[in-house]
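1. need a structure here:
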Amino acid sequence: MEPATELVRRTEINSGKYRYVLTLNSEDFSELYPGMIRYILTVTEGERLISVFRTNSFEYSPLVPLTAENVAKHRADEWEREIRNNPMDFILNNRQEFLKRPASPPVDLVVVQGSPRAQGNCSILAGWAVEAAHELGMQAEVIYPHDMEIRCCIGCYQCYNTGSCVFNDDMGRVIDAIRCATLLVVCSPVYTNTVPGGLKLIIDRCQAYHAERVLFGGRTGQQGLIFSVAGRNGKENFTCVTRVVSAFLRNLGIMPVGEILIDRIDAIRDIRTISGLQQNVQEKVKQYLAIKK
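-> Sure, this is the predicted structure:
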């Protein structure tokens, strides 16, 4: 999306042979979230970008006596004073490295194994999916949320300033894998009418990847499959999981293209005893991986 941009302030500061330009712009992201405005404050010297500050209106909770506009303008006033008083100190204190995100190697299949139960039925499903990819000569990676250090999303909305999360944990590896996957398979048991906690952490924290895509664009044509098991009898037991995971996929621009839902697990116990299931799972994985070929 291309937000409407409005110039809020532009100040030129001459200091000897150098001319610094302080610019504050606002961007209207109301098409994304009603009323979201992002402010971007920059300081440049010629073609050189010295410093950037970003904030948005959704960062500030109802009990916080601040607004994004006031914070951005206050920061602009501070920077102007600092540059006028001692521009070299400002440059030294605000020097930033504007790094590009390193390119991640492409992965044909990424499986998010959302069950915390080791060697359970979701692990079997994940293993079948990986085997299918390998049989096609393709790469596969399995993500185990419950073995990773992933903090919960705190709803700070700061990812919509930069396209990345404020937390530096294992979630970065997850996003790197999802970004590069041709096919994403999510395996999940039904836990109390939803997905397990570890998988929900990934779903919520992928909001940072959604922000990245909003700000910088992203890959198209990715597809997703949902594999799920439930202890009770009846396909209605999966409604919670399929709704949550489908919404997760679509939020990241990934098209949900199929489901395999296995009920009565309390009675069946081991999905390997279900005739034809392994073939069905692997044929579905191969079907969507083969599109790449």
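
2. how close does the closest residue to Gly231 other than its chain neighbours get to Thr44?
-> Sequence neighbours aside, Asp266 is the residue nearest to Gly231 in space, at 3.9 Å (criterion: C-beta to C-beta, 6 or more residues apart in numbering). Yep, even glycine has a C-beta here, placed from its N, CA and C like the rest. Applying C-beta to C-beta, to the nearest Å, the value for Asp266 to Thr44 is 64 Å.

3. Same drill for these two, tell me which one is more crowded.
-> Per other C-beta atoms under 10 Å, whichever of Asp266 and Thr44 has more neighbours is Thr44, with 15 against 10.

4. phi, psi of Gln119?
-> phi 60, psi 30 (degrees, to the nearest 10).

5. Ignore what I typed, I meant Val8.
-> phi -100, psi -40.

6. residue ranges of the helices in the stretch 101-250 of the chain, please?
-> In the stretch 101-250 of the chain, the helices defined using DSSP state H, counting those that start in this stretch lie at 121-135, 159-162, 171-180, 197-205, 207-216, 239-251.

7. among those helices, which is nearest Pro87?
-> helix 159-162 (25.3 Å; C-beta to C-beta).

8. and that closest one, which residues are buried?
-> Of the residues in helix 159-162, 159-161 count as buried by neighbour count, 16 or more other C-beta atoms under 10 Å.

9. Name the residues that touch that helix?
-> For helix 159-162, contacts defined as C-beta atoms under 8 Å, 6 or more residues apart in numbering pick out 29, 32, 36, 38, 54-56, 58-59, 165-166, 207-208, 210-212, 214-215.

10. Show me the shaky parts of the stretch 1-150 of the chain.
-> The stretch 1-150 of the chain contains residues with pLDDT under 70 at 1, 95-105.

11. TSV for the buried residues of helix 159-162, including pLDDT and distance to Phe227?
-> Listed next are these as TSV, based on pLDDT from 0 to 100; distance: C-beta to C-beta, whole Å:
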residue	pLDDT	distance to Phe227
Cys159	95	28
Tyr160	95	32
Asn161	94	35
